[in-house]
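Novice: give me a model of this one.
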Amino acid sequence: MIPWWGLALLVFGVNFLVWGTVGLTRLVDEMVMRWRRARWRARHPQSIVALRHDPAGRRARQNNLTVDDVAILIPAHNEAAVIAASIRAITKLVPRKNVHVVSDGSTDDTFEVALECGVKAIQTRRNVGKAGALRDAIERFKLVERFPVVMLLDADTRVQPGYFAAALPLFDSPNVVAVAGCVKTDTRRMLSPVGNLLTGHRMKIYAMGQRVMKFGQTSRYLNATPIVPGFASIYRTAVLPDIDINPIGLAIEDFNMTFEVYHKNLGKVGFTLQAIAVTQDPDNFRDYIRQTRRWALGFWQTIRRHPPRLNLFTAMLALSLTELITSCLVFVTLPAVVLILAMPDLVSTAPTWPVYGSAYTFMSAHMTLNRILYGVVGPDFLSTCFVAAIDRRPRLLLSAPFFPFMRVLDAAIGLYAIPLAWFANSNGTWKSPARRGGPRGGHHRQAPVRTAPAATGVPEAPEPVYAPEPAAYPQFAEAESRHASG
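Specialist: A predicted model of the protein is given here:
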C-alpha cells in the first residue's frame, strides 16, 4: 500500500523540498547581509558618496546601473489591444527614447499604435516568430552597441514601479548576466467564471513556482533555474552575441536562452520577488490549451537541443524532469483510479464484474480514496490557501475544488508534447491569446484587422523585411533623429 506522504512526494516532488530549503537559506543570508551593510554604513557615514555619471558612456558601465542604461525591446504580433498600455507603463519608468518595438508580421495596427506612443518601431512583412523578431531587432536597433542591458518585454505586460530598483542592483555582481522578473497575472479584468478559474490557476502556479522554486534556484551558491521567462527579463548585452537566440526548430525562445547561459558558462541568473510585472493570462480554454502546449513543446524541444553536461544545472534539471514525468503520469491516471475505487460505493455489485473486479482488486491493494485525499487533494488545497493568503486573494478559494482538474489537464498537455518535440519541428511563429484592453486612449475596442501582405516575392528564409522606411512615418524619423543625436 502506497502511503499518503509517498503519493504527495510523487505528485509535488522532492524539488519543492530541496529548493524550498535553499530559498529559506538564501532568505536568512540576505537578511544577515542587509544587517551587516546597515551596520557598516552606520559606522562609516562618510564613506557614502553619490554615484557619478560614467564619462566613458553607458555602454561601458556594467554595475551601478540606472534606468538610463536599460534598453526596452517589445516584440509584438497582433497586440494593438494592449501594447499602448504596456508602453505607457514602461515609459513611466525609463526614458521614452530607450523603448523599441518590433511588430512581427502583425495584421492589425500594432505598428501604428507603437508609433503613436512616440517610441522607436519597426515591422516585419510577415510573421517570423518572436525569437527571429528579437534577434533582428537587436541588430537593427544596435542595442548591443548602445546599452549595457536590455529588457525583453512582452506586449501584454505592464512593468510595475520598483521593478528596476529591485532588479538592476543584481547586476552589480559581475557573474549575473540575466535577471528574471516576478510575474503576476492581471486581476483588473472582468472575467467569466471560466476565466477566473484559468487565471486563478496560473496565479497559483506563479506564486508557488517563484516563491518556492525560483527563489532558491537563483541563489548565489546554487544557481540553476531552467528558465528566465520572456515576459519581462533583463540580459547583459555583452552576452547576447554568444547566445543563439533563434535556432531552427524551437517554438519559444526563453527556455533556450536560459539553457545557453548555463551550458556556455556565460554566468548566473538573478531573481528577486520585488521586480514585479503584470501580464495577461488566457481567459478561455482554447487559448489556455494552445499556450500551455506551446510552452511544453518549447521546453522539450530545448531539452532535445541541449545535450546533458556534467554540471549542477544538468543534475538539477534531471531531477526536475524525473519528477515532472512522474507527476504527470500520476495526474493523468488519477481520474481512472478514483473512478475504479469509488465504483463499489455507487454500485454494490461492481466488484463482481469480470474485468472491473480484477482492476478493483489490484488497485485497492495499493491505493485508497483516503490516501488520494490526504496525498493529492489535501496538499493542493493547502497550497491554494497559502497563495490566497500571501497574495491577499481570498476569492481564489472559490476555485480551489477545480484546481486538481487543471493539474490533470496540464499533465495531459505536458505528456502530449514530449513525443511531439522529437518528431516535429516548429518555425517559431506565434499567435497571441485573445487580449482585453484599449489600443488607444484606454478605449475598450478591438483594433481593426488588415489583410496579411501577399506572400508573392517574399523569400522563404525567415529573414524579416522592414517597412516602412523612417521617412514614411514622421514619428519614426523623429525617433531616429533623436537616436542619431544621442
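Novice: quick check: residue 15 vs residue 243, distance?
Specialist: 26 Å (C-beta to C-beta, to the nearest Å). C-beta here means a position set from N, CA and C on the backbone, and glycine is covered the same way.
Novice: what sits against the spatially closest residue to residue 312 that is not a sequence neighbour?
Specialist: With C-beta to C-beta, 6 or more residues apart in numbering as the criterion, residue 312 has its nearest non-adjacent residue at 5.1 Å, and that residue is residue 224. Shown in contact with residue 224 (C-beta atoms under 8 Å, 6 or more residues apart in numbering): 217, 262, 312, 313, 315, 316, 317.
Novice: roughly how far does residue 224 sit from residue 320?
Specialist: In terms of C-beta to C-beta, residue 224 sits 9 Å off from residue 320.
Novice: name the next helix or strand downstream of the longest helix along the chain, please.
Specialist: Assignment by DSSP state H gives helix 4-43 as the longest helix of the chain. Once helix 4-43 ends, the next helix or strand along the chain (criterion: DSSP states H and E) is strand 70-76.
Novice: buried ones in that following strand?
Specialist: Using 16 or more other C-beta atoms under 10 Å as the test for burial, strand 70-76 gives 70, 71, 72, 73, 74, 75, 76.
Novice: also stretch 91-102?
Specialist: Neighbour-count burial for stretch 91-102 [16+ other C-beta under 10 Å]: 91, 93, 94, 96, 97, 98, 99, 100, 101, 102.
Novice: let me have these in JSON lines, adding secondary structure, distance to residue 194 and pLDDT as columns.
Specialist: Compiled in JSON lines, those are given as follows (DSSP: H, G, I helix; E, B strand; the rest coil; distance: C-beta to C-beta, whole Å; pLDDT from 0 to 100):
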{"residue": "91", "secondary structure": "helix", "distance to residue 194": "34", "pLDDT": "97"}
{"residue": "93", "secondary structure": "coil", "distance to residue 194": "34", "pLDDT": "97"}
{"residue": "94", "secondary structure": "coil", "distance to residue 194": "36", "pLDDT": "97"}
{"residue": "96", "secondary structure": "helix", "distance to residue 194": "38", "pLDDT": "96"}
{"residue": "97", "secondary structure": "helix", "distance to residue 194": "42", "pLDDT": "96"}
{"residue": "98", "secondary structure": "helix", "distance to residue 194": "39", "pLDDT": "97"}
{"residue": "99", "secondary structure": "strand", "distance to residue 194": "35", "pLDDT": "97"}
{"residue": "100", "secondary structure": "strand", "distance to residue 194": "36", "pLDDT": "97"}
{"residue": "101", "secondary structure": "strand", "distance to residue 194": "32", "pLDDT": "97"}
{"residue": "102", "secondary structure": "strand", "distance to residue 194": "33", "pLDDT": "96"}
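Novice: secondary structure class for residue 180?
Specialist: strand (DSSP: H, G, I helix; E, B strand; the rest coil).
Novice: and it, what does it touch?
Specialist: Taking C-beta under 8 Å, 6+ apart as the test, what residue 180 contacts is 214, 218, 225, 227, 228, 229, 233, 269, 270, 271.
Novice: repeat that for residue 325.
Specialist: Applying C-beta under 8 Å, 6+ apart, the residues near residue 325 are 415, 418.
Novice: mind pulling up the pLDDT for it?
Specialist: Residue 325 carries a pLDDT value of 92.
Novice: and for residue 300?
Specialist: 95.
Novice: so residue 271 is in which element?
Specialist: Assigned by DSSP H and E, residue 271 falls in strand 268-279.
Novice: now that strand, how far from the centre of its chain.
Specialist: Distance of strand 268-279 from the chain centroid (C-alpha atoms, centre = their mean, to the nearest Å) equals 10 Å.
Novice: show me what the helix or strand that that strand is followed by is packed up against.
Specialist: Counting by DSSP H and E, the next helix or strand C-terminal to strand 268-279 is helix 285-305. Packing partners of helix 285-305 (3 or more C-beta pairs under 8 Å, 6 or more residues apart in numbering; DSSP states H and E): helix 193-208, helix 254-263, helix 403-423.
Novice: what stretches of the stretch 51-200 of the chain score poorly on pLDDT?
Specialist: Where the stretch 51-200 of the chain drops to pLDDT under 70, the residues are 51-61.
Novice: please repeat the previous calculation with a cut-off of 50.
Specialist: Within the stretch 51-200 of the chain, the stretches with pLDDT under 50 are 51-56.
Novice: now residue 267: how far from residue 305?
Specialist: From residue 267 to residue 305 the distance is 20 Å (C-beta to C-beta).
Novice: nearest the geometric middle of the chain, what residue?
Specialist: Centroid check for the chain by C-alpha atoms, centre = their mean gives residue 229 as the closest residue, at 3.2 Å.
Novice: tell me the secondary structure at that one.
Specialist: Taking three-state DSSP, the label given to residue 229 is coil.
Novice: the one 5 residues further on now?
Specialist: The three-state label for residue 234, taken from three-state DSSP, comes out as strand.
Novice: who does it form a beta bridge with?
Specialist: Using DSSP bridges, the bridge partners assigned to residue 234 are residue 151, residue 179.
Novice: on that earlier part again, closest to residue 162 among the buried residues of strand 70-76?
Specialist: Nearest to residue 162 among the buried residues of strand 70-76, counting by C-beta to C-beta, is residue 70 at 14.3 Å.
Novice: count of neighbours near residue 274?
Specialist: 11 (other C-beta atoms under 10 Å).
Novice: what does the helix or strand residue 361 falls within contact?
Specialist: Applying DSSP H and E as the criterion places residue 361 in helix 354-364. The contact list for helix 354-364 (C-beta under 8 Å, 6+ apart) reads 337, 340, 341, 343, 344, 350, 351.
Novice: the fifth one contacts residue 368, doesn't it?
Specialist: Meaning residue 344. No - at 11.9 Å, residue 344 and residue 368 do not qualify as touching, with contact defined as C-beta atoms under 8 Å.
Novice: and residue 184, helix, strand or coil?
Specialist: strand.
Novice: just send the buried residues of strand 70-76 back as a markdown table, with distance to residue 192 too.
Specialist: Converted to a markdown table, the buried residues of strand 70-76 look like this (distance: C-beta to C-beta, whole Å):
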| residue | distance to residue 192 |
| --- | --- |
| 70 | 37 |
| 71 | 38 |
| 72 | 33 |
| 73 | 34 |
| 74 | 29 |
| 75 | 29 |
| 76 | 26 |
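Novice: ok, of those residues, which one's closest to residue 174?
Specialist: So of the buried residues of strand 70-76, ranked by how close each gets to residue 174 (C-beta to C-beta), first place is residue 70, at 17.8 Å.
Novice: wait, the closest one touches residue 99, no?
Specialist: No - assessed by C-beta under 8 Å, residue 70 is found out of contact with residue 99, at 9.8 Å.
Novice: how about the helices in the stretch 101-250 of the chain?
Specialist: 110-116, 130-140, 143-146, 163-167, 193-208, 215-217 (DSSP state H, counting those that start in this stretch).
Novice: I meant to write the stretch 351-486 of the chain there.
Specialist: Using DSSP H, counting those that start in this stretch, helices in the stretch 351-486 of the chain cover 354-364, 369-372, 378-390, 396-399, 403-423, 474-484.
Novice: tell me the mean pLDDT over the last one?
Specialist: Going back to what we said before, that points to helix 474-484. 38.
Novice: before we move on, back to that, now do the buried residues in the helix holding residue 361.
Specialist: Here helix 354-364 shows 356, 360, 363 as buried, counting by 16+ other C-beta under 10 Å.
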